[in-house]
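# Model the structure of this input:
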Amino acid sequence: MTDHRVKSLLLAAGLGTRLRPITERIPKCLVPIAGRFLLDHWVDALHAASVRDARINTHHLPQFVQAYLNRINRSGELTLTQTHEPNLLGSAGTVTANRDLADDADQIIIIYADNLSNVNLAEMLRFHNQHDDPFTMLLFHAPDPAACGIATLDDHDRIVDFIEKPDRPSSDLANAGVYIVDADAYRQVADAGAFDFGFEVLPQFVGRMRGFVWNGYHLDIGSHENLTRANADAPAHFTHRRTFSAAGLRPAVFLDRDGTINVDVSYLSDPAEMKLIDGAADAICRLREAGFACVVITNQSVVGRGRITEDQLTEIHQAMHRQLADHGAALDGLYYCTTVPTTTDRTVIEDIDRKPGPGMIWRAAIELGLDLTQSWMVGDMISDVLVGHNAHCRGSIHVATGQSTTTDELPADVSFRTVPDIGAAADFILSAAVATT
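Okay, here's the model as predicted:
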């Protein structure tokens, strides 16, 4: 808690090129880690520090960030606004473009939102308010100091030297990409018209900024290797934090279409061939009555192969919706991918949206406000089981009503449950939900 008026600027406009192909469809700040979006962790940290006004810059796929912000803003406890950059301005350039953020504020917390950190921002604010310098930099112990901006501290935690990516690091205390800046200093940075924080701004504050050393978890989510590491580490380091950003999220059941909801017809191309599997509508009704969103996630290479058009696919889906409605059932969303695979191996991710790629699930979670940690994937193929695993859902369920009933090719670390049909899958999911309440 602080008596000072504090706002925040989250820097999240980067393209995330090293995380492609994931970031071709999902902005880097919304890449899920262990079932929660990267941005969730910063929103939770700001809320815990009683910061109630924040701004986030965007460039790539801003519509997904806006969908996320809309949900957070509905709480009324934290106001997040988007500042869009058609052309990237650089970390310091974003401050220049958002000079007005210092209006009616005493301090601004600037956060590089592509890092995963469990830093306690309230503690960092207390530290900042106990010294007289206008700038505080978050520091962590870097395993590879030569790849970071390195700071040297005196006995009073004042930064007396800072070098971006030094050839010979003087310490392992690295810039963690979180700064608390007094409003006047923030305006000074904005008026300088610089582009890059590390090379142009920070050296100007050497001798008048302090270092707040964080010995907790901190990792740059800038590579597939680090993203894999973060997914493994997150459950141990973040379960204790109150998840403000999870408030209002719904659990979901993601459903394959052919062989799960409807009778599997190879390359279904005629609405007249759409026929629900017995019990499918009832299962969807029961799941939705229990609070689960029901969302279809389906590969439809039949479009990519040119056998039908997207308009014809829409007609097929309309037939499915009508049949479900006849039994009082409805879906909360439907996502499809038309990519044509180049291999018959259903364990390979060729397109982040094509199952077993998790892209469709991740986009549904952003747009519909879904809690992946409490969600399930149900389908008849190994790609369905794997997409639930790859999206970090709570679990995957394999149904035996489709043409592909073998799961022999699944990696040993992928856990799932096999049941006869979607009705049995609903029974299991509802029992598991009761067991955790």
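
# what distance separates the strand or helix carrying Ile361 from the centre of its chain?
Assigned by DSSP states H and E, Ile361 falls within helix 359-368. Relative to the centre of its chain, helix 359-368 is centred 9 Å away, using Cα atoms, centre = their mean, to the nearest Å.

# Kindly provide the distance from Gly198 to Pro251.
Taking Cβ to Cβ, to the nearest Å as the measure, Gly198 falls 41 Å from Pro251. All C-beta atoms are positioned from the backbone trio N, CA, C, and that covers glycine.

# Looking only at neighbour counts, state which of the two leads.
More crowded of Gly198 and Pro251, by other Cβ atoms under 10 Å: Pro251, with 20 against 17.

# Was I right to think the more buried one contacts Ser375?
Yes: between Pro251 and Ser375 a contact is recorded at 5.3 Å, counting by Cβ atoms under 8 Å.

# Dihedrals phi and psi, the residue nearest to Ala185 when sequence neighbours are not counted?
Nearest residue to Ala185, sequence neighbours excluded (Cβ to Cβ, 6 or more residues apart in numbering): Pro134, at 3.8 Å. Here is the backbone geometry of Pro134 (degrees, to the nearest 10): phi -80, psi 0.

# gap between Pro134 and Ile108?
For Pro134, the distance to Ile108 equals 11 Å [Cβ to Cβ].

# before we move on, back to that, show the contacting residues for the residue nearest to Ala185.
For Pro134, the contact set (Cβ atoms under 8 Å, 6 or more residues apart in numbering) comprises Val181, Asp182, Asp184, Ala185, Phe205, Arg208, Met209.

# of all the residues you listed, which two lie farthest apart?
Farthest pair in those (Cβ to Cβ) is Asp184 and Met209. Separation: 13.6 Å.

# which of those two has more neighbours?
Set side by side, Asp184 and Met209 show more neighbours around Met209, with 25 against 10, by other Cβ under 10 Å.

# what about the longest strand in the protein?
Counting by DSSP state E, the longest strand found in the chain is strand 173-182.

# So for the following helix or strand past it, what gets flagged as buried?
Going down the chain from strand 173-182, the next helix or strand is helix 183-192, by DSSP H and E. Residues of helix 183-192 classed as buried by neighbour count (16 or more other Cβ atoms under 10 Å): Ala183, Ala185, Tyr186, Arg187, Gln188, Val189, Ala190.

# coming back round to it: which neighbours do Pro251 and Ser375 have in common?
Counting by Cβ under 8 Å, 6+ apart, the common neighbours of Pro251 and Ser375 are Phe292, Arg394.

# what are the ranges of the helices in this protein?
22-25, 38-48, 62-73, 91-97, 121-129, 183-192, 224-238, 280-289, 301-304, 310-326, 359-368, 382-390, 422-435 (DSSP state H).

# could you give the angle of the last one to helix 280-289?
Read that as helix 422-435. Inter-element angle recorded for helix 422-435 and helix 280-289: 20 degrees (by axes from the mean of the first three to the mean of the last three Cα atoms, to 10 degrees).

# Over to the second one?
Counting by the same axes, to 10 degrees, helix 38-48 points 20 degrees away from the direction of helix 280-289.

# domain assignment for this structure?
6-246, 252-435 (automatic domain parsing).

# Throw the ones you listed into JSON lines and include mean pLDDT, thanks.
Output for these, formatted as JSON lines (pLDDT from 0 to 100):
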{"stretch": "domain 6-246", "mean pLDDT": "88"}
{"stretch": "domain 252-435", "mean pLDDT": "91"}
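
# So what touches stretch 361-371?
For stretch 361-371, the external contacting residues (Cβ under 8 Å, 6+ apart) are 25-26, 30-32, 35, 37, 64, 67-68, 71, 246, 248-252, 254, 293, 295, 297, 332-333, 335, 353, 372, 375, 377, 387-388, 391, 393.

# Good, we can wrap up now.
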